[in-house]
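Colleague: Fold the stuff below for me.
(2 chains)
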There are 2 protein chains.
Amino acid sequence: MPPARRAPRRAFSRVAVVGVGLVGGSIGLALKARGLASHVAGVTLDAREARAALRARAIDTGGTDLAAGLAGAEVVVLAAGVSALPALAREALALAGESALVTDVGSVKRAVASAAGRDPRFVPGHPMAGSEKRGVEHAHPELFDGTVAVLTPIFSAPWAVARATRFWRALGARVVRMSPRDHDERAAAASHAPYAVAAGIAAALSDRAGILAARGFRDTTRVAASDPALWTSILLENSDAVGRALGAFRGSLREIERAIRSGDPRALSTRLARAARARSRRVSETSLSSSAKST
Amino acid sequence: MPPARRAPRRAFSRVAVVGVGLVGGSIGLALKARGLASHVAGVTLDAREARAALRARAIDTGGTDLAAGLAGAEVVVLAAGVSALPALAREALALAGESALVTDVGSVKRAVASAAGRDPRFVPGHPMAGSEKRGVEHAHPELFDGTVAVLTPIFSAPWAVARATRFWRALGARVVRMSPRDHDERAAAASHAPYAVAAGIAAALSDRAGILAARGFRDTTRVAASDPALWTSILLENSDAVGRALGAFRGSLREIERAIRSGDPRALSTRLARAARARSRRVSETSLSSSAKST
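Modeller: Okay, here's the model as predicted:
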């Protein structure tokens, strides 16, 4: 008689993912591909989204009942839209167990961090990964591999921060910590303002000029193809920091334009070389993997 | 005794490529990979560049003597930097045979078109393909496949336009015709202004925010990593049209910022949705192949 099969020891027992679109679905796929959780429960407002996530095998069970999904979860990841997160965080903390970690993936951190109050179980988070595409159909298990996951704990318990760190590292991310305010300021400069600028370029190109759009245009405006509703929430939620980042961008662009108008090749070339160096520094810093995707 | 080997009939006999960096080198590789020319001669000011192109098998023979390189060429492609092209076009037309087509790949067309005067052998051109990388080391034979090649003939003979069209089609490009002025206006909007904006974003990002730079930032600023000298020439050569394109961009961005400040989700979402639709329209219009690269 063969020995009784023993289930392999998992890094996490039950993980609940609330919102199983591109990011939530990729978390589920990553947990399952890496054998990290004994059970992945998906919770969503939209029963069709739950069915799609089940079909994609991103979750083991799925439904629209938050209490049922969170019951017994060791880790609860809130992967809904930015504007829904503050209320969802309060609700999830009311339903989650005493020893559950509750964390989120929102692109703006101040509002959700303050909504969670001083609850030691909550660790605000933001994996710097996403895509211009929506839905679990575009989710993939390596989405977080080689990316940076930001945690912005203030009142979080040390065990909760440690678990959140272990969670994102297990998914392949490098974890960095900063304050919610600091995150929102830096994310405005590195992601939210560049999106607004890309949208501006895309909107400005006339149909006549469109025929000459090639790879440069395509890459520069890729993020502008993202879900407008998602970005509307992010830009409104972080409007003050986005305004400051766009101000800094306008200053840089003004210097380049001034050098163009001056007709001085040395002055212009100096500015452009500085931009090229700055760009190489940013991109090598973040050590992106080839599969890393982020908006 | 085996029958005498007959050389296959080639689409072109001798092709001379002047300047064998990324674009010139890719032309050579494409001609050879597709068996389109009986001989590819590389000419360059820099003997090291010629040796690198020979090593990369982008050319059959290479050297620094323009007259020798052009002798007997059916097609002469000028693939030097934008600022060198007007003088080079005059020189090449003085040396090329009476039935040779002389064309170029410059990103700005008015100056080189006017430098060539009314010479019927000259067809100004611009394949919308390139890369942020420099040099024949990064050349590849499919660079032009699926891209758009613009021709801007004014005084060109019909046979010369027909040969230039056949040339770029043979390399996989779709050929479109417009005036030099029209090209420069459209290229400013689709390529030159987006580059300046990408450089502005790259330059504006602080080291502190750089840690949050992910795929969105990387793609939006990819062209900003390009050779500053190359872009200095392009922006100065096309400064009037670039100024107008940047003005249109500033208008679009201002509307997005106004919607952010208004705090009205409907207004902002409408603008962002318009940008997303515009972007999809441009990118599908150009039907880029996966290997297509353009700055």
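Colleague: just the strands in chain A please.
Modeller: When assigned using DSSP state E, the strands of chain A occupy the ranges A:12-18, A:37-43, A:61-63, A:75-78, A:101-104, A:122-123, A:125-127, A:148-151, A:174-177.
Colleague: Of those strands, give the one that comes closest to residue A:168.
Modeller: If you check each of the strands of chain A against residue A:168 by CB to CB, strand A:148-151 wins as the nearest, at 3.8 Å. Every C-beta, even on glycine, is put in place using the N, C-alpha and C of the backbone.
Colleague: Could I get the CA-only coordinates of that closest one as PDB?
Modeller: C-alpha atoms of strand A:148-151 as PDB (Å, rounded to 0.1, in the frame of the first residue of the first chain):
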ATOM      1  CA  VAL A 148       9.100  46.700  -7.100                       C
ATOM      2  CA  ALA A 149       6.300  46.300  -4.500                       C
ATOM      3  CA  VAL A 150       5.900  49.300  -2.300                       C
ATOM      4  CA  LEU A 151       4.600  49.000   1.300                       C
END
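Colleague: For residue A:93, which residues are in contact?
Modeller: Contact partners of residue A:93, counting by CB atoms under 8 Å, 6 or more residues apart in numbering or on different chains, are A:102, A:116, A:119, A:121-122.
Colleague: Try it again at 6 Å.
Modeller: If you count contacts by CB atoms under 6 Å, 6 or more residues apart in numbering or on different chains, residue A:93 has them with A:102, A:119.
Colleague: quick revisit: how about JSON lines for the strands of chain A, with mean pLDDT added?
Modeller: JSON lines is the format used below for these (pLDDT from 0 to 100):
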{"stretch": "strand A:12-18", "mean pLDDT": "97"}
{"stretch": "strand A:37-43", "mean pLDDT": "97"}
{"stretch": "strand A:61-63", "mean pLDDT": "96"}
{"stretch": "strand A:75-78", "mean pLDDT": "98"}
{"stretch": "strand A:101-104", "mean pLDDT": "98"}
{"stretch": "strand A:122-123", "mean pLDDT": "98"}
{"stretch": "strand A:125-127", "mean pLDDT": "98"}
{"stretch": "strand A:148-151", "mean pLDDT": "97"}
{"stretch": "strand A:174-177", "mean pLDDT": "98"}
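Colleague: Reformat the ones you listed into TSV and put distance to residue A:139 next to each item.
Modeller: Below are the strands of chain A laid out as TSV (distance: least, CB to CB, whole Å):
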stretch	distance to residue A:139
strand A:12-18	11
strand A:37-43	11
strand A:61-63	14
strand A:75-78	13
strand A:101-104	17
strand A:122-123	23
strand A:125-127	13
strand A:148-151	17
strand A:174-177	21
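Colleague: With mean neighbour count as new columns, can those strands be given to me in CSV?
Modeller: Below are the strands of chain A laid out as CSV (neighbours: other CB atoms under 10 Å in any protein chain shown):
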stretch, mean neighbour count
strand A:12-18, 24
strand A:37-43, 25
strand A:61-63, 18
strand A:75-78, 26
strand A:101-104, 27
strand A:122-123, 29
strand A:125-127, 25
strand A:148-151, 24
strand A:174-177, 16
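Colleague: Redo those as a markdown table? Include distance to chain B.
Modeller: Supplementary listing: the strands of chain A in a markdown table, determined by distance: least, CB to the nearest CB, whole Å:
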| stretch | distance to chain B |
| --- | --- |
| strand A:12-18 | 21 |
| strand A:37-43 | 24 |
| strand A:61-63 | 28 |
| strand A:75-78 | 19 |
| strand A:101-104 | 16 |
| strand A:122-123 | 18 |
| strand A:125-127 | 9 |
| strand A:148-151 | 6 |
| strand A:174-177 | 6 |
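Colleague: can you tell which of these is closest to residue A:69?
Modeller: Using CB to CB as the measure, strand A:37-43 is the one of those that comes nearest residue A:69, at 3.5 Å.
Colleague: Direction included, what does the closest one pair up with?
Modeller: For strand A:37-43, the paired strands and their directions (DSSP bridges) are strand A:12-18 (parallel), strand A:61-63 (parallel).
Colleague: closest to residue A:159 out of the strands of chain A?
Modeller: For residue A:159, the closest of the strands of chain A is strand A:101-104, at 8.1 Å, according to CB to CB.
Colleague: Going by neighbour count, which residues in stretch A:132-143 are buried?
Modeller: Of the residues in stretch A:132-143, those buried under the neighbour-count criterion (16 or more other CB atoms under 10 Å in any protein chain shown) are A:132, A:135-136, A:138-143.
Colleague: and residue A:177, what does it touch?
Modeller: Neighbours of residue A:177 in contact, by CB under 6 Å, 6+ apart: residue A:151.
Colleague: Which member of the buried residues of stretch A:132-143 is positioned nearest residue A:221?
Modeller: Relative to residue A:221, the closest of these is residue A:132; by CB to CB it sits at 9.7 Å.
Colleague: ok, residue A:62 touching residue A:55?
Modeller: No: with contact defined as CB atoms under 6 Å, residue A:62 does not count as touching residue A:55 (9.8 Å).
Colleague: before we move on, back to that, out of the strands of chain A, flag the one nearest residue B:66.
Modeller: Closest to residue B:66 of the strands of chain A is strand A:148-151 (CB to CB; 51.2 Å).
Colleague: Other residues contacting the closest one?
Modeller: Here strand A:148-151 makes contact (CB under 6 Å, 6+ apart) with A:123, A:125-128, A:164, A:168, A:173-177, A:183.
Colleague: What's the local residue count around residue A:250?
Modeller: In terms of burial, residue A:250 registers 18 neighbours under the definition other CB atoms under 10 Å in any protein chain shown.
Colleague: residue contacts, the closest residue to it other than its chain neighbours?
Modeller: Spatial nearest neighbour of residue A:250, excluding adjacent residues (CB to CB, 6 or more residues apart in numbering or on different chains): residue B:200 at 7.9 Å. Residue B:200 sits next to A:249, A:252-253, A:256 when contact means CB under 6 Å, 6+ apart.
Colleague: near chain B, which of those residues show up?
Modeller: Taking CB under 6 Å from any CB of the partner chain, the overlap between those and the neighbourhood of chain B is A:249, A:252-253, A:256.
Colleague: mind checking how far the closest residue in space to residue A:135 that isn't next to it in sequence is from chain B?
Modeller: The spatially closest residue to residue A:135, leaving aside those adjacent along the chain, is residue A:21, at 5.6 Å (CB to CB, 6+ apart). For residue A:21, the distance to chain B (CB to the nearest CB, to the nearest Å) stands at 17 Å.
Colleague: Phi first, then psi, for residue A:21.
Modeller: phi -90, psi -140 (degrees, to the nearest 10).
Colleague: Fine by me, thanks again.
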